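Chemist: Sharing a model prediction with you, sequence too.
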Amino acid sequence: MSAQREMKEKNPWHTPVTIIITVIGVIAIVALVTVGVLQNKPLLQKYKYGIVLDAGSSHTALYIYEWPAEKDNNTGRVEQIHSCKVKGPGISSYASTPLKAGESLRECMQEAEQRVPRKRHHETPLYLGATAGMRLLNMEDSAASNKVFQAVEEALQKFPFAFQGARILSGQEEGAFGWVTVNYLDDRLKQGLETTGALDLGGASTQISFVSDNYDGSESPDNSVTFRLYGNGYNLYTHSFLCYGKDQALRMTLAQQTLSGPRTIQDPCFHAGYNETKNYSVLYDSPCVSKRKPQSAPATFIHEGKGNFQQCQEIIKRVFNFTDCKFSQCSFNGVFQPLLQGPFGAFSAYYFVMNFLNLTDTSIPLETVRDKLSRYCATPWHQVVQQHPGVKVKYLAEYCFSGTYILTLLTEGYNFTSWSYPKIKFIKKIKGSDAGWTLGYMLNLTNMIPAEAPDSPPLPYTGYVSIVTLLAVLLFILFIVSLRPLWPRCSKQLQII
Ligand SMILES: Nc1ccn([C@@H]2O[C@H](COP(=O)(O)OP(=O)(O)OP(=O)(O)O)[C@@H](O)[C@H]2O)c(=O)n1
Ligand SMILES: [Ca+2]
């Protein structure tokens, strides 16, 4: 007992001084780690916002994007948080009533006011980009197109956002920004991975954009767009075919069948039993077909369907020129196109149509796709209507044409083969954001993609915390070891017990 008491008295760990030193040491180390970790903790995220209005030929859509305020320069961080489809047609349809074009945007803009936090309103950039519908209106009647823009700008300025203007995108911009969007969302740009080509099918124009090893921009420089993104250089091939969006292509196909101004046409691209009286002046009211209007046509014609895929494809082919090409190789209409390369994402109407037709799976052999479409086109109209009660009749009537047009454009136009067709993915969204030109457009205008790879901290935050903790523990062990001179006595005393 007395030996035990003696040991307790002489044990250095039990002297008040060492206890105090140990406690202070432990407190100091805990404080060091806490301060270090808290000081370097990423700040509480604050978000910034951007709004883009896509004024397409068939409709306008509003997209709201969000990204962390501290990290504007990092890729993969901008996300679409909301989209709103404007009711009614595209702004180019308001050529004779421009004020209504502005009014039509109000509802979606009010939604945007609700979605973007109030204190961010004034610093949130708002862009409107118009595509092929306004390109055509501008060609047809530039005064009318200016009035539409004026009305739209006046309407948008009434909202509290930082309005950056409304303008027509060139076909090149539309194609290139669609490509940027797809590759940004897939995180391919920052990582320098092989890029995905972009196929966009609108109502009035269609775009193809991809990087090809055998295209450096020297042949047909008009099709070249160069980018330097995150330290990687890209030489992009892009082309926009005005009038080859699916609504204008349908007009051209109908024009092809009404050159002599008949009273009735039997259209293989529409289902048997479909029968509608249509107006010649409405059909030919577009620069894509206006020059071909038959001289002595009656006011109307009867549009009858006969549902034949093969024949439909034959008439569709006639709106393409496959013969003239002054380059080493062409897609169609004398437009240069290098060899197709890499995977492709096909969005907007490509997706709507192929999704409706249950043909988004591109592992289905092209032959089978043709057979399925052929059977669909041969389905009588009344049966099609019965089978799809929820679908708008106008859309429904056109899917046989649209599907046939898409296959023709891809295989005959762009030269996709049974080998390269499976490389296409029909997509609507990537990681929650719609595929389309709007995100790429905003990233470009806000300088959100740096030309060079951004500097990043040498360690991620978790790595930093682990190292600080490890160092602190090592310090503590060192401290214990530094008390070593006191150890022999201690162990001797332990032996006595
Ligand atoms: N569920 C849907 C939605 C749209 N469409 C059709 O898809 C086409 C193209 O739509 P979109 O990509 O939105 O074209 P826009 O952007 O309006 O046209 P553009 O890009 O040529 O200006 C239009 O014919 C539209 O009628 C469709 O078939 N099914
Ligand atoms: Ca579009």
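Modeler: Perfect, I can see it now. Ligands and ions are numbered 1, 2, ... in the order given.
Chemist: give the contact list for the residue of the chain found nearest ligand 2.
Modeler: Nearest residue of the chain to ligand 2, counting by CB to the ion: G202, 3.6 Å away. (Each C-beta comes from the backbone N, C-alpha and C, glycine too.) Counting by CB atoms under 8 Å, 6 or more residues apart in numbering, G202 touches G56, S57, S58, T131, A132, G245, K246, S348, A349.
Chemist: now it: how far from K306?
Modeler: 28 Å (CB to CB, to the nearest Å).
Chemist: Equivalent analysis for H382, please.
Modeler: 14 Å.
Chemist: Ok, I27 next?
Modeler: Taken as CB to CB, the span from I27 to K306 is 89 Å.
Chemist: Can you pick out the residue with more neighbours from these two?
Modeler: K306 (18 against 10; other CB atoms under 10 Å).
Chemist: need the contact list for that one.
Modeler: With the criterion set at CB under 8 Å, 6+ apart, K306 makes contact with Q266, D267, P268, F270, A272.
Chemist: I'd say the third one and G307 touch.
Modeler: Yes. Between P268 and G307 there is a contact at 6.8 Å, judged by CB atoms under 8 Å.
Chemist: Now the common contact residues for these two.
Modeler: C377.
Chemist: so which residue of the stretch 51-200 of the chain comes closest to ligand 1?
Modeler: G56 (2.3 Å; CB to the nearest ligand atom).
Chemist: Dihedrals phi and psi, Y49?
Modeler: phi -140, psi 160 (degrees, to the nearest 10).
Chemist: which residues does it contact?
Modeler: I64, Y65, E66, I81, V116, P117, R120, T124.
Chemist: swap the cut-off to 7 Å and go again
Modeler: Taking CB atoms under 7 Å, 6 or more residues apart in numbering, we find Y49 in contact with I64, Y65, E66, V116, R120, T124.
Chemist: For those, which two are the farthest from each other?
Modeler: Y65 and R120 (12.2 Å; CB to CB).
Chemist: Does D324 fall in a helix, a strand, or a coil region?
Modeler: coil (DSSP: H, G, I helix; E, B strand; the rest coil).
Chemist: what comes up buried for stretch 408-420?
Modeler: T408, L409, L410, T411, E412, G413, Y414, F416, S420 (16 or more other CB atoms under 10 Å).
Chemist: Please write out the alpha-carbon positions of that stretch in PDB.
Modeler: Coordinates of each C-alpha in stretch 408-420 appear next as PDB, following Å, rounded to 0.1, in the frame of the first residue of the first chain:
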ATOM      1  CA  THR A 408     -33.100  11.000 -95.000                       C
ATOM      2  CA  LEU A 409     -31.300  14.000 -93.600                       C
ATOM      3  CA  LEU A 410     -29.000  11.800 -91.500                       C
ATOM      4  CA  THR A 411     -28.200   9.000 -94.000                       C
ATOM      5  CA  GLU A 412     -28.500  10.700 -97.400                       C
ATOM      6  CA  GLY A 413     -27.700  14.300 -96.300                       C
ATOM      7  CA  TYR A 414     -25.000  13.900 -93.700                       C
ATOM      8  CA  ASN A 415     -23.800  10.400 -94.800                       C
ATOM      9  CA  PHE A 416     -24.400   8.500 -91.600                       C
ATOM     10  CA  THR A 417     -24.200   4.800 -92.400                       C
ATOM     11  CA  SER A 418     -25.300   1.600 -90.500                       C
ATOM     12  CA  TRP A 419     -21.800   1.700 -88.900                       C
ATOM     13  CA  SER A 420     -22.000   5.400 -87.800                       C
END
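Chemist: which bits of the stretch 101-250 of the chain sit near ligand 1?
Modeler: Taking CB under 6 Å from any ligand atom as the measure of proximity, the stretch 101-250 of the chain contacts ligand 1 at T131, A132, G133, G202, G203, A204, S205, G245, K246, D247.
Chemist: Run a quick neighbour tally on the fifth one.
Modeler: Translated: G203. 23.
Chemist: rewinding a little: give me the phi and psi for the residue of the stretch 51-200 of the chain closest to ligand 1.
Modeler: phi -80, psi 180.
Chemist: Could I get the contacting residues of it?
Modeler: If you count contacts by CB under 7 Å, 6+ apart, then G56 has G90, T131, G133, G202, G203 around it.
Chemist: next one: G197
Modeler: S209, F210, G342, F344.
Chemist: rewinding a little: not counting its neighbours along the chain, what's nearest the residue of the chain closest to ligand 2?
Modeler: G245 (4.2 Å; CB to CB, 6 or more residues apart in numbering).
Chemist: How is the chain partitioned into domains?
Modeler: By the assignment in automatic domain parsing, the chain contains the domains 2-35+472-496, 46-168, 255-321+360-426.
Chemist: Neighbour count for Y65 and R120, which is higher?
Modeler: Using other CB under 10 Å as the criterion, Y65 and R120 rank with Y65 on top: 24 against 16.
Chemist: Need the contacts of Y49 in TSV (columns: secondary structure and pLDDT).
Modeler: Listed next are the contacts of Y49 as TSV, based on DSSP: H, G, I helix; E, B strand; the rest coil; pLDDT from 0 to 100:
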residue	secondary structure	pLDDT
I64	strand	99
Y65	strand	98
E66	strand	97
V116	coil	98
R120	helix	98
T124	coil	98
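Chemist: export these to CSV and tack on distance to E194?
Modeler: What follows is the contacts of Y49, written out as CSV (distance: CB to CB, whole Å):
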residue, distance to E194
I64, 31
Y65, 26
E66, 28
V116, 36
R120, 37
T124, 34
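Chemist: Please name the nearest non-neighbouring residue to L236.
Modeler: V225 (4.6 Å).
Chemist: list the contacts for that neighbour?
Modeler: Q172, A176, L236, T238.
Chemist: Over to the first one: give its phi and psi.
Modeler: By that I understand Q172. phi -60, psi -50.
Chemist: Now do the same for it: its pLDDT.
Modeler: We note a pLDDT of 98 for Q172 in this prediction.
Chemist: pretty sure it contacts T238?
Modeler: Yes. Counting by CB atoms under 7 Å, Q172 sits close enough to T238 to count as a contact (5.7 Å).
Chemist: And those two? Which one has more around it.
Modeler: Counted by other CB under 10 Å, Q172 and T238 do not tie: T238 has more neighbours, with 24 against 18.
Chemist: from what I can see, that one looks like it's in a helix, true?
Modeler: No. With three-state DSSP as the criterion, T238 is strand rather than part of a helix.
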